[in-house]
Every structure is written in C-alpha cells, then in structure tokens.
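*Asks:* sequence and computational prediction follow.
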Amino acid sequence: MLFRSDRIAVVDDIAARRLVDLGCPSRHVVEAGSPAFDALFEIDRQKMLALRESYCERDHARLVVFACEPATPPQTGADFKRRFGFCEEDVVAMLGAAAADCAARLSRKIRVVFKLHPIQVAHGMRPTAASHDERYLTFSHFDGDRLQIVAAADVVVGMRSMLLYEAALIGRPVISVQPQRIESCDLTDSRAGIEVVGSEAALRRALYEALIEPQAAGEMPGTLRNAAHEYAQRFAERLELV
C-alpha cells in the first residue's frame, strides 16, 4: 500500500475545520468517516431487546444509561474538575436527583444503569448513588457490550464520552451534562441527537422530556439515523485505497 503523505484523514467536518484553523491546507484534509462506526450496524437486535426486557420489566420501567467517564488514575475527580469544571461524581449526583424527580412526576420506575468505563473495571472503581425508594428508582452497574446497552436505553446520559456520540448515531436520545464547564467540546456540541445541559434544572427538564414519551427502542440498530452508511468503504474510497 502506498503511503500518501499529502492526505490527512479526519472523521467529520468539525475535525476538518479544526485542522484548517490550525493552518493545515484544506486540500490535504479528507473527511473520511471512521471504519470503527461500522460496528454500529452489527448490533444484535434480539439480544438488545432481551437486555432491555431484563431492565424494563415488560415496559413498566424506564431505562437510563449513564456513560461513565472517570478520571484516569493517579488523577482524581478533583483533577478532572479543575480541568473541565465538572467531574463524574458531580454529574452522577445531579443525575440521581433528576431521576428521582422524574420518577415522582411520571409515577413510573426508573432504572439507572452505569455503563462502566474500562478504567473502572480495571481498577475496581464504581460510581455510587443512593435511592430513597427502590420501588421507583434503582441504580446498577453494567460492564458488558457498550453498544447493546445504549441501544436498549430510553435515554443515554453522560459528560463527554465517545459513547454519547455513538448512541446519538444510532438514534438514541442523548443528554451531555457539563455544569460550569471551562471549555467547549467538539464531541458533543452542535451534534445531532445530543442535548448539552449545564445545570440540574436543565437536566431535570431534558430527562423528563426524554422519558415522558420515549422513542421506541430497537428501531435504529442497523440503520444509523445521524450518520452515513458504510464508513469503512467510504474511508478507503476517500483515501484512494480502493
């Protein structure tokens, strides 16, 4: 394969603009997508629906998935907060309060599932949140297939995780919580399907709106709502490798 030094592949138009802003000639930048996103077409619908059924109790409960994004040891949540203005501990507390409020307003059980980050699995770390009444609100952890669990969710919540972007690509409602943030985030800002909120009040509103009339789960796997198809082929064609 011939190495083409005059081509710089980027995932999307936002990444392309950032390179041009930094002085890279636009003629060298190729918006190619990412072959990694082809995995989004391979979500097993039946397995996903079975996973949803196990959490949603025959649709009596709503499923909220939190995409964890911990500080990387030896850094702490305080280090993360100094850099970004917020940390996972802050956002988990906000989500717990917002979910309790939604459960009361909807008179329906809400199950919050923390999709553990590989860092948390490796270091035995677990986010914690307490429920005052488990008849209406429960918290649990999940370290299985990330795409299966977000596809099963009624809404996906997080901070700046790549998993939020993937969830939006397959059409799940996504809320990015970034209170008192210090800097913008290209991964979440102005992205189709992702609502960025900066306060607990805004989170409560967004969560309630997502859960009062949730989108049907299971419709989007295999059909990306917010992205082009066949990323791998597109990647190769744009770089003139095929």
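*Replies:* Yep, that arrived. Residues are numbered from 1 along each chain as shown.

*Asks:* which stretches of the protein have low pLDDT?
*Replies:* Scanning the chain for pLDDT under 70 picks out 1-5, 216-242.

*Asks:* okay, the residue nearest to the spatial centre of it and residue 89: tell me how far apart.
*Replies:* Note on the chain: the residue nearest the mean C-alpha position is residue 164, at 1.5 Å, using C-alpha atoms, centre = their mean. Separation of residue 164 from residue 89 (C-beta to C-beta, to the nearest Å) stands at 18 Å. No exception for glycine: its C-beta is placed from N, CA and C like everyone else's.

*Asks:* other SSEs contacting whatever helix or strand the residue nearest to the centre of the chain lives in?
*Replies:* Element membership for residue 164 (DSSP states H and E) is helix 162-169. Packing contacts for helix 162-169, counted by 3 or more C-beta pairs under 8 Å, 6 or more residues apart in numbering; DSSP states H and E, involve strand 61-67, helix 146-152, strand 155-158, strand 174-177, strand 194-197.

*Asks:* what's the spacing between the second one and its chain's center?
*Replies:* For helix 146-152, the distance between its averaged C-alpha position and the chain's averaged C-alpha position is 10 Å (C-alpha atoms, centre = their mean, to the nearest Å).

*Asks:* with only the CA atoms kept, save that helix in PDB.
*Replies:* Only the C-alpha atoms of helix 146-152 are listed here, as PDB (Å, rounded to 0.1, in the frame of the first residue of the first chain):
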ATOM      1  CA  ARG A 146     -21.500  -1.000  25.400                       C
ATOM      2  CA  LEU A 147     -23.500  -0.800  22.100                       C
ATOM      3  CA  GLN A 148     -26.100  -3.300  23.300                       C
ATOM      4  CA  ILE A 149     -26.800  -1.400  26.500                       C
ATOM      5  CA  VAL A 150     -27.000   2.100  24.900                       C
ATOM      6  CA  ALA A 151     -29.200   0.700  22.100                       C
ATOM      7  CA  ALA A 152     -31.600  -0.600  24.700                       C
END
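
*Asks:* who's in contact with it?
*Replies:* Helix 146-152 has contacts (C-beta atoms under 8 Å, 6 or more residues apart in numbering) with 39-40, 43-44, 47-49, 51-52, 55, 63, 65, 67, 113, 115, 142, 156, 163, 166-167, 170, 172, 217-218, 220-221.

*Asks:* and what of the fourth one?
*Replies:* Contacts of strand 174-177 from elsewhere in the structure, counted by C-beta under 8 Å, 6+ apart, are 86, 91, 94-95, 155-160, 164, 167-168, 185, 188, 193-198, 203, 206-207, 210.

*Asks:* for the chain, which segments count as helices?
*Replies:* 13-21, 45-56, 77-84, 88-106, 118-123, 146-152, 162-169, 200-212, 231-238 (DSSP state H).

*Asks:* looking at these, spot the one closest to residue 27.
*Replies:* helix 13-21 (10.0 Å; C-beta to C-beta).

*Asks:* by contact count, what packs against that closest one?
*Replies:* Taking 3+ C-beta pairs under 8 Å, 6+ apart as contact, the helices and strands that helix 13-21 lies on are strand 8-10, strand 29-31.

*Asks:* okay if I get these as CSV plus mean neighbour count?
*Replies:* As requested, the helices and strands packed on helix 13-21 are exported to CSV (neighbours: other C-beta atoms under 10 Å):
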stretch, mean neighbour count
strand 8-10, 17
strand 29-31, 17
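
*Asks:* in TSV, list those strands along with distance to residue 131.
*Replies:* Shown next, in TSV, are the helices and strands packed on helix 13-21 (distance: least, C-beta to C-beta, whole Å):
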stretch	distance to residue 131
strand 8-10	43
strand 29-31	45
